[in-house]
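Engineer: below are the sequence and a predicted model for it; my questions follow.
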Amino acid sequence: MLGIFGKKSDHPLADIKTAQQVLEEIPKNDAQNAVQELTGWIETAVELAEDFRLDHEFAVLRMLDDAAQPYVRKLLRDYFTVQPLSRFQENRLWTVLNNYYTQSELAHHHVLTRLINGARGASGFKTEMASLGTRGIAALTGRLKMAVARYALVEAPLWQHLSEYYSHAERYGYQNDAVPLYPGVPGNTSVKQEFCTLLGWYGVSAGVLSPLQAHITERLISYAGASLNVYDQYNANALFVFDLSQPTPPMRMANEATLHPALRFIVLSESLTRLNSLLKTLDKGIVPDDVNFCGATYDAELVRETLRRLIDSLTQPPPTRRNPRRKISVSLKVANGFFHMLEKADAGLNFFNPDVGELWEVEDISVTGFRSVVPAARAAGIKIGSLIGSKPENVPHWGAGIVRRLSLDENNNLHIGVEVVSTQITGVSLIERGYSAEEGGQLALYLNRPGDTSGEAWLLMKPDTFSPSRSLNMDKGGKGYLLLPLARVESGDDYDLARYRLMEPEVTAE
């Protein structure tokens with residue numbers, strides 16, 4: 001077999017025909033093994049690249065990438081699922097996907113670096129530049145998505161790579177060229193579209209959304225991608241700013257920011273017309289076929305709630321702190337999850353010591369929340385939306401909070417931001433109207449909210465307990481109440497947080 005330079009080479013990637021034979025031997029019925037094998041071949045292609053012309057390196061990379069995409073989409077569907085995965089399943093899928101996206105992005109960046117350096121075959125590469133840029137940024141989005149799924153610290157070189165992909169496109173004027181991304185993916189995209197989608201998605205998602213919400217949000221922003229824009233001059237409508245000269249994660253637009261030529265202003269507001277139209281369709285219980293969720297099917301309610309949160313992020317100013325935070329160092333007993341919290345409340349489960357719990361050190365605290373820094377090994381299972389019971393030192397009762405922010409630092413410590421929803425919880429028993437305690441009874445947590453005169457009761461309950469058409473009887477401290485459903489405020493893996501109208505039944509003679 002003759003190699004690219006006319007010298008003999010027996011490596012299968014040195015010739016397009018033999019590279020195609022490699023693809024024929026990939027296991028077709030095992031997505032994980034297929035992606036693992038293709039990841040290995042992509043890594044090998046980079047190792048051999050200096051022996052290849054640039055156009056041949058990219059042709060081989062494109063073949064391997066195209067072959068991998070159907071299997072990658074299958075693994076994405078398996079990973080970003082509504083039903084929680086076992087730790088083993090989550091770790092295995094995450095590892096396979098993360099390795100693939102890492103090697104794919106590094107390979108595309110390697111081609112870009114050789115292109116910039118004028119490698120052999122670079123002179124005829126102009127028609128491939130837009131495909132290289134879009135695929136490189138798409139692979140980079142995949143790397144970031146897997147980091148966001150683990151709330152991980154993003155390595156600085158990734159932002160440098162993004163800057164290089166977009167800077168090269170600007171320099172040679174192909175950032176707006178429309179090209180197909182992958183076979184089987186409808187429509188075209190561009191370097192500008194992928195660049196804006198990545199920055200807009202990461203800016204509204206990282207550290208504040210669950211992995212599934214972040215995935216759906218990225219797909220929704222991609223759906224509106226053609227209406228996203230980037231400007232090289234100051235734009236008052238910009239939501240995020242990205243510095244091509246000193247690339248870091250996208251920063252929220254600030255009026256006092258120092259302007260310089262390397263800043264790029266990301267405007268997402270022009271996508272609101274398309275997103276609001278989609279919201280109206282979702283309100284009818286319909287998820288349009290042209291919203292690409294990598295082949296997954298999600299309930300219209302889940303997509304609608306995620307889209308509403310996205311629209312709020314695009315239209316409302318970032319939340320400001322309502323109460324001052326105090327730097328303080330105190331120990332806090334915590335209980336992770338609804339059922340562990342039931343053990344701490346007066347709900348008939350106090351066969352455990354209510355004062356026993358995991359200890360966290362609080363870094364700062366306010367009336368409405370606190371922040372703790374905990375070694376990641378001690379915070380297994382904690383994620384965005386997790387329910388947390390908390391009991392400060394010298395306080396006799398437990399409170400409840402929900403994890404709103406998570407991020408890992410370079411020392412593998414997890415920074416946990418918790419919104420306090422109640423400083424005191426009380427165990428209660430609930431019985432569905434028309435049933436006996438034996439048939440329909442369950443335990444729940446009543447949120448005491450001092451000064452509340454709304455006549456409402458807020459309850460933490462087992463998941464899928466709330467129904468807008470089902471009233472409940474509640475026994476609290478030996479006194480009976482009628483609960484009329486108002487709304488489900490939030491739901492997590494192991495709880496519903498719901499609002500009810502609280503009614504005290506009239507006492508009548510027998």
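Structural biologist: Right, received. Where do you want to start? Numbering: from 1, shown residues only.

Engineer: going by C-alpha atoms from here, please, whenever you check contacts or count neighbours.
Structural biologist: Fine.

Engineer: which strand in this structure has the most residues?
Structural biologist: strand 479-492 (DSSP state E).

Engineer: are we agreed that L85 is in a helix?
Structural biologist: No: counting by DSSP: H, G, I helix; E, B strand; the rest coil, L85 falls outside a helix, being coil.

Engineer: how about it, what does it touch?
Structural biologist: Residues counted as contacts of L85 (CA atoms under 8 Å, 6 or more residues apart in numbering) are Y79.

Engineer: how about the helices in this structure?
Structural biologist: Taking DSSP state H as the test, the helices found in the chain are 16-24, 31-48, 54-79, 87-116, 129-149, 156-172, 191-205, 211-223, 272-283, 300-315, 338-344, 437-440.

Engineer: what angle do the first one and helix 54-79 make?
Structural biologist: Pointing back at helix 16-24 there. Note on geometry: by axes from the mean of the first three to the mean of the last three CA atoms, to 10 degrees, helix 16-24 and helix 54-79 are set 10 degrees apart in direction.

Engineer: now do the fourth one
Structural biologist: What separates the directions of helix 87-116 and helix 54-79 is an angle of 160 degrees, with the same axes, to 10 degrees.

Engineer: what's the distance between L76 and E128?
Structural biologist: The gap separating L76 from E128 is 27 Å, by CA to CA, to the nearest Å.

Engineer: of those two, who's got more company?
Structural biologist: L76 (19 against 13; other CA atoms under 10 Å).

Engineer: not counting its neighbours along the chain, what's nearest the more buried one?
Structural biologist: Among residues not flanking L76 along the chain, C294 sits closest, at 7.1 Å (CA to CA, 6 or more residues apart in numbering).

Engineer: now do V148
Structural biologist: Once flanking residues are discounted, V148 sits nearest to A206: 5.7 Å by CA to CA, 6+ apart.

Engineer: the longest strand of the chain pairs with which strands, parallel or anti?
Structural biologist: strand 472-476 (antiparallel), strand 495-503 (antiparallel) (DSSP bridges).

Engineer: any idea of the mean pLDDT for stretch 203-220?
Structural biologist: Taken as a whole, stretch 203-220 has a mean pLDDT of 94.

Engineer: report how far apart the opening and closing residues of that stretch are.
Structural biologist: End residues of stretch 203-220 are separated by 14 Å (CA to CA).

Engineer: who touches it?
Structural biologist: Residues contacting stretch 203-220 (CA under 8 Å, 6+ apart): 80-82, 145, 148-151, 197-198, 201, 240, 249-252, 291-293, 303, 306-307, 310, 313, 383-385, 404-407.

Engineer: what about it, distance to the chain center?
Structural biologist: Centroid separation between stretch 203-220 and its chain, computed with CA atoms, centre = their mean, to the nearest Å, is 3 Å.

Engineer: could you list the low-pLDDT ranges of the stretch 201-350 of the chain?
Structural biologist: Per-residue confidence of the stretch 201-350 of the chain (counting by pLDDT under 70) places the weak regions at 255-257, 318-329, 345-350.

Engineer: what sits against G401?
Structural biologist: Going by CA under 8 Å, 6+ apart, the list of residues near G401 reads G369, L387, I388, G389, S390, V418, E419, V420, V421, S422.

Engineer: contact partners for the third one?
Structural biologist: Residues touching I388, when contacts are defined by CA under 8 Å, 6+ apart, comprise V334, A335, N336, G337, F338, M341, A400, G401, I402, V403, V418.

Engineer: so the residue nearest to the third one when sequence neighbours are not counted bridges to which residues?
Structural biologist: Here the nearest residue to N336 in space, its sequence neighbours aside, is I388; by CA to CA, 6+ apart that works out to 4.9 Å. When bridges are taken as DSSP bridges, the partners of I388 come out as N336, G401.

Engineer: relative to A214, how far out is I388?
Structural biologist: Separation of I388 from A214 (CA to CA) stands at 21 Å.

Engineer: swap in Y481?
Structural biologist: From Y481 to A214 the distance is 39 Å (CA to CA).

Engineer: what about the strands in the stretch 251-400 of the chain?
Structural biologist: Secondary structure of the stretch 251-400 of the chain, counting by DSSP state E, counting those that start in this stretch: strands at 251-252, 263-267, 326-336, 358-365, 369-375, 387-392, 399-408.

Engineer: and Y495, which of the ones you listed is closest to it?
Structural biologist: Set against Y495 and scored by CA to CA, the strands of the stretch 251-400 of the chain come closest in strand 387-392, at 7.8 Å.

Engineer: quick one: which of the strands of the stretch 251-400 of the chain is nearest L228?
Structural biologist: Once these are compared by CA to CA, strand 263-267 is nearest, at 6.2 Å.

Engineer: name the residues that touch the closest one?
Structural biologist: For strand 263-267, the surrounding residues in contact (CA under 8 Å, 6+ apart) are 196, 199-200, 228-235, 237-245.

Engineer: quick check: buried residues in the longest strand of the chain?
Structural biologist: Neighbour counts over strand 479-492 (16 or more other CA atoms under 10 Å) mark Y481, L482, L483, L484, P485, L486, R488, S491, G492 as buried.
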